[in-house]
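>>> Pasting the sequence and the predicted model now:
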Amino acid sequence: MNRYHEIAELIFPEIKITTADLEKQYPPRNLEPEAIVTRFAPSPTGFLHTGSLFTSLVSWRFAKQTEGVFFLRLEDTDQKREIKGSGDKVVEQLIKFGITPDESYVHDGAYGPYIQSERRLIYHTVIKDMIKAGKAYPCFCTHDELNEIRKEQEAKKELPGYYHEYAKCRFLSDDEVIEKLKNKKEFVIRFKSLGMNDEKVILEDGIRGNIEFPKNIQDVVIMKTDGLPTYHFAHVVDDHLMRTTHVTRGEEWMPSAPIHLELFEQLNWTKPVFCHYPVIMKMDGDKRRKLSKRKDEEASVDYFLEKGYPISGFLEYLMTLANSNFEEWRLTNPKADIFEFKLDFLKMSLDGALFDLEKVKSISKEVLGNMNKDDFAQAALDYAQNYNKELYDLIVSDPDYFKEIINIERDQEKPRKDYEKFSDVLPIINFMYDEYFDQLSKEIQFNQRFDQNLLIDLLEEYRDSFTLDVDQETWFNQMKEIAVGRNFAKRAKDYQKTPENYIGHIGEYAEIIRIATCAKTSTPNFYDVLRILGKDKIVARINHTIALLKN
Ligand code: GLU
């Protein structure tokens with residue numbers, strides 16, 4: 001047996017198959033030639049970052065708009081950094097945004113396992129073949145030895161790293177290697193780079209065009225002492241065997257692309273198209289910086305979910321970040337499904353996409369304002385179920401009543417836009433529910449100019465004379481008439497000109513009635529509010545307020 005084979009057998013005695021078997025097990029996908037296969041490859045190290053949601057949204061759209069496949073692969077090879085359960089949470093959050101992978105460790109699929117730590121045998125099979133072919137080798141260098149190498153390189157002002165003559169374990173004799181292995185000396189596996197100084201390689205980026213880099217010369221670690229692969233290796237093996245056509249990932253990976261390109265080349269595998277997405281930035285004062293997990297609450301998608309920004313609005317906002325011409329398209333297609341827009345790799349921004357919370361807010365208002373009452377109520381219920389028990393209880397106590405309330409000024413040419421997010425709903429509409437009205441009414445304050453007896457008198461009169469079985473204009477005219485009868489000016493202007501002639505103006509009169517019936521000075525359309533409350537409730541509320549005034 002050739003010595004490389006002997007070494008490979010010593011390291012991986014349990015591996016009985018070869019890379020060729022893997023190729024058969026994971027054949028090219030049966031898709032149309034233009035279909036794109038993309039993936040989202042989160043590491044389970046925390047919450048879903050807004051930047052990662054952006055990345056997965058865009059990758060998912062590229063797959064969907066070409067009838068390709070979007071899968072999720074959990075990259076859990078850095079077990080020290082892993083936060084238990086965070087992988088599941090990320091999948092859950094992604095699904096909340098409607099981005100459902102076609103394949104994942106939850107959804108399954110023919111190219112799994114979709115968790116890297118479960119793909120050990122696959123990596124070991126490929127590494128075993130690489131060792132046999134002299135393309136990879138075990139490295140026994142200790143931390144101290146690596147430090148020595150680094151110091152020497154620093155002294156000579158040479159490139160740091162494990163390469164060429166510095167790659168000490170390349171030069172071990174086969175006997176030495178076999179002896180160390182038999183003595184159970186700890187090792188990693190390194191890839192034997194063929195790169196030479198001053199050689200160049202071109203990264204053909206699907207977004208950025210051709211970018212020239214120095215070729216990789218480092219013998220990078222491909223398998224760690226714990227037997228798990230490094231990112232560089234796992235990415236190449238997985239994206240090959242899972243038949244990814246487009247490696248869509250953040251631009252922070254661009255500098256390592258030469259390593260990946262060399263691995264693809266040495267393994268004789270067709271390289272996928274690399275698409276390095278822009279990083280999400282934000283303005284901090286007058287400086288641009290990365291949206292940061294530590295500094296910015298909006299860096300976590302939880303922020304938007306907990307506050308109840310409408311999912312569709314948030315996705316729409318991310319689409320504006322993805323392609324510069326999306327907004328123009330939106331203007332001409334205001335009612336279309338946002339996913340009718342076809343994303344284009346070449347229209348992605350190259351120098352960081354600027355995250356603008358104000359714009360998220362204004363799009364959300366627009367989206368919530370334009371939703372019909374059924375969709376709004378359903379989305380509010382979905383939100384409330386997960387994040388707002390109080391609102392949830394209100395909605396389920398009488399779903400139709402809730403719908404009527406949130407429908408105020410909705411069904412019209414220019415709908416009212418008072419909700420920015422679902423957490424705004426409760427504070428805006430709570431007074432429509434008696435338990436909240438009772439609470440709120442403890443705090444009410446009428447204009448000091450009107451004394452208690454007058455207020456009581458006015459309220460009793462309104463209580464006994466108002467009618468709601470009329471249109472809005474008639475209702476308001478009636479109110480005006482009653483007010484004028486009590487010497488309120490018909491128009492605020494008249495009162496301001498000669499205040500001595502009146503006790504107040506119509507606006508003030510309406511405010512008294514509003515406070516007495518709603519315990520608030522501002523509400524959505526008052527006529528609609530009163531009609532939804534209905535005669536009995538209004539009478540009861542006015543009586544309640546009169547009782548409070550009398551106390
Ligand atoms: N696990 C890597 C990360 O979370 C994935 C990079 C990639 O998409 O290839 O950054």
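Structure received. Because the structure is a prediction, the values reported are computed rather than measured. Numbering: from 1, shown residues only.
>>> Report the separation between Val69 and the ligand.
16 Å (C-beta to the nearest ligand atom, to the nearest Å). C-beta: built from backbone N, CA, C; applies to glycine.
>>> quick one: secondary structure of whatever residue of the stretch 151-300 of the chain ends up closest to the ligand?
The minimum distance from the stretch 151-300 of the chain to the ligand, using C-beta to the nearest ligand atom, falls at Arg249 (3.3 Å). Classification of Arg249 by DSSP: H, G, I helix; E, B strand; the rest coil places it in strand.
>>> do Val529 as well
helix.
>>> residues contacting it?
408, 432, 517-518, 523 (C-beta atoms under 8 Å, 6 or more residues apart in numbering).
>>> again, 7 Å this time
Val529 makes contacts with 408, 518, 523, as judged by C-beta atoms under 7 Å, 6 or more residues apart in numbering.
>>> Likewise for Thr55?
40, 248, 250, 277.
>>> And Thr138, how far from the ligand?
Actually, residue 138 is Pro. It isn't Thr. With C-beta to the nearest ligand atom as the criterion, Pro138 and the ligand are 25 Å apart.
>>> now do Gly507
From Gly507 across to the ligand, the span is 58 Å (C-beta to the nearest ligand atom).
>>> top of the contacts of Thr55 by neighbour count?
Thr248 (28 neighbours; other C-beta atoms under 10 Å).
>>> Is that residue in contact with Arg61, as I believe?
No - checked against C-beta atoms under 7 Å, the pair Thr248 and Arg61 is beyond contact range at 10.3 Å.
>>> rewinding a little: what pairs with the residue of the stretch 151-300 of the chain closest to the ligand across the strands?
His276 (DSSP bridges).
>>> Can you give me the neighbour number for it?
Residues lying near Arg249 (other C-beta under 10 Å) number 21.
>>> So it sits against Val279, correct?
No - at 11.1 Å, Arg249 does not count as touching Val279 under the criterion of C-beta under 7 Å.
>>> contacting residues around the residue of the stretch 451-551 of the chain found nearest the ligand?
Relative to the ligand, the nearest point of the stretch 451-551 of the chain is Pro524 (44.8 Å; C-beta to the nearest ligand atom). Counting by C-beta under 7 Å, 6+ apart, Pro524 touches 408-409, 416, 418.
>>> Report the separation between Arg243 and Phe71.
10 Å (C-beta to C-beta, to the nearest Å).
>>> Kindly report the same for Gln79.
22 Å.
>>> higher neighbour count, those two?
Phe71 (25 against 11).
>>> so who does the more buried one touch?
Contacts of Phe71 by C-beta under 7 Å, 6+ apart are 39, 101-104, 109, 114, 242.
>>> wait, Ile280 sits on Phe355?
Yes - using C-beta under 7 Å, Ile280 is in contact with Phe355, at 5.1 Å.
>>> what about this structure, any weak spots by pLDDT?
With pLDDT under 70 as the threshold, the chain has low-confidence stretches at 1.
>>> Enumerate the residues of it near the ligand.
41-43, 75, 235, 249, 253 (C-beta under 6 Å from any ligand atom).
>>> any idea which of these has the most stuff around it?
For those, neighbours tallied by other C-beta under 10 Å; top is Ala41, 26 neighbours.
>>> Leaving out sequence neighbours, find the closest residue to Leu394.
Closest residue to Leu394 apart from its sequence neighbours, by C-beta to C-beta, 6 or more residues apart in numbering: Tyr433 at 6.1 Å.
>>> what do you get for His49?
Ala299 (5.9 Å).
>>> Val58 now?
Ala322 is the one closest to Val58 (C-beta to C-beta, 6+ apart), at 5.1 Å.
>>> For that neighbour, give its distance to the ligand.
For Ala322 relative to the ligand (C-beta to the nearest ligand atom), the value is 16 Å.
>>> Look at that residue and say how many residues are nearby.
24.
>>> quick one, what contacts it?
58, 343, 348.
>>> which stretches of the stretch 201-350 of the chain form helices?
231-241, 257-266, 301-307, 311-322, 326-332 (DSSP state H, counting those that start in this stretch).
>>> Distance to Ile542 for these - can I get that in JSON lines?
Listed next are the helices of the stretch 201-350 of the chain as JSON lines, based on distance: least, C-beta to C-beta, whole Å:
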{"stretch": "helix 231-241", "distance to Ile542": "69"}
{"stretch": "helix 257-266", "distance to Ile542": "72"}
{"stretch": "helix 301-307", "distance to Ile542": "36"}
{"stretch": "helix 311-322", "distance to Ile542": "39"}
{"stretch": "helix 326-332", "distance to Ile542": "47"}
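>>> Leu48 is nearest to which of these?
Nearest to Leu48 among the helices of the stretch 201-350 of the chain is helix 301-307; the distance by C-beta to C-beta comes to 4.7 Å.
>>> What are the contacting residues of that closest one?
With contact meaning C-beta under 7 Å, 6+ apart, helix 301-307 is reached by 47-48, 50, 53, 93, 96, 297, 314, 387, 421, 423.
>>> possible to save these as a markdown table with secondary structure?
Conversion of these to a markdown table gives the following (three-state DSSP):
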| residue | secondary structure |
| --- | --- |
| Phe47 | coil |
| Leu48 | coil |
| Thr50 | helix |
| Leu53 | helix |
| Gln93 | helix |
| Lys96 | helix |
| Glu297 | helix |
| Phe314 | helix |
| Tyr387 | helix |
| Lys421 | coil |
| Ser423 | helix |
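>>> List buried residues within those residues.
Those of the contacts of helix 301-307 that meet the buried threshold are 47-48, 50, 53, 93, 96, 314, 387, 421, 423, by 16 or more other C-beta atoms under 10 Å.
>>> which one of those is nearest Pro28?
Nearest to Pro28 among those is Leu53, at 29.8 Å by C-beta to C-beta.
>>> okay but the closest one is in contact with Phe97, surely?
Yes - counting by C-beta under 7 Å, Leu53 does reach Phe97; the two are 6.3 Å apart.
>>> Check which residues of stretch 334-342 are buried.
Buried-residue list, stretch 334-342, by 16+ other C-beta under 10 Å: 338-339, 341.
>>> okay, these in JSON lines with distance to Pro310 next?
Rendered in JSON lines, the data for those read as follows (distance: C-beta to C-beta, whole Å):
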{"residue": "Ile338", "distance to Pro310": "12"}
{"residue": "Phe339", "distance to Pro310": "15"}
{"residue": "Phe341", "distance to Pro310": "18"}
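>>> I'd like to know which of the residues you listed is nearest to Asp175.
Nearest member of these to Asp175, counting by C-beta to C-beta, is Phe339, at 61.9 Å.
>>> so how far is Arg170 from the residue nearest to that closest one when sequence neighbours are not counted?
Excluding its sequence neighbours, the residue lying closest to Phe339 (C-beta to C-beta, 6+ apart) is Arg61, at 6.6 Å. Distance from Arg61 to Arg170, counting by C-beta to C-beta: 45 Å.
>>> so Phe488 sits right up against Glu511, yeah?
No - between Phe488 and Glu511 there is no contact under C-beta under 7 Å: 10.8 Å.
>>> Neighbour count: the two, which is higher?
Counted by other C-beta under 10 Å, Phe488 and Glu511 do not tie: Phe488 has more neighbours, with 24 against 19.
>>> Got phi/psi on Leu10?
Phi and psi for Leu10, reported as degrees, to the nearest 10, are phi -60, psi -40.
>>> Run through the residues that contact it.
So, once contact is read as C-beta under 7 Å, 6+ apart, Leu10 ends up touching 178, 181.
>>> gap between it and the ligand?
31 Å.
>>> do the same with Lys359
From Lys359 to the ligand the distance is 26 Å (C-beta to the nearest ligand atom).
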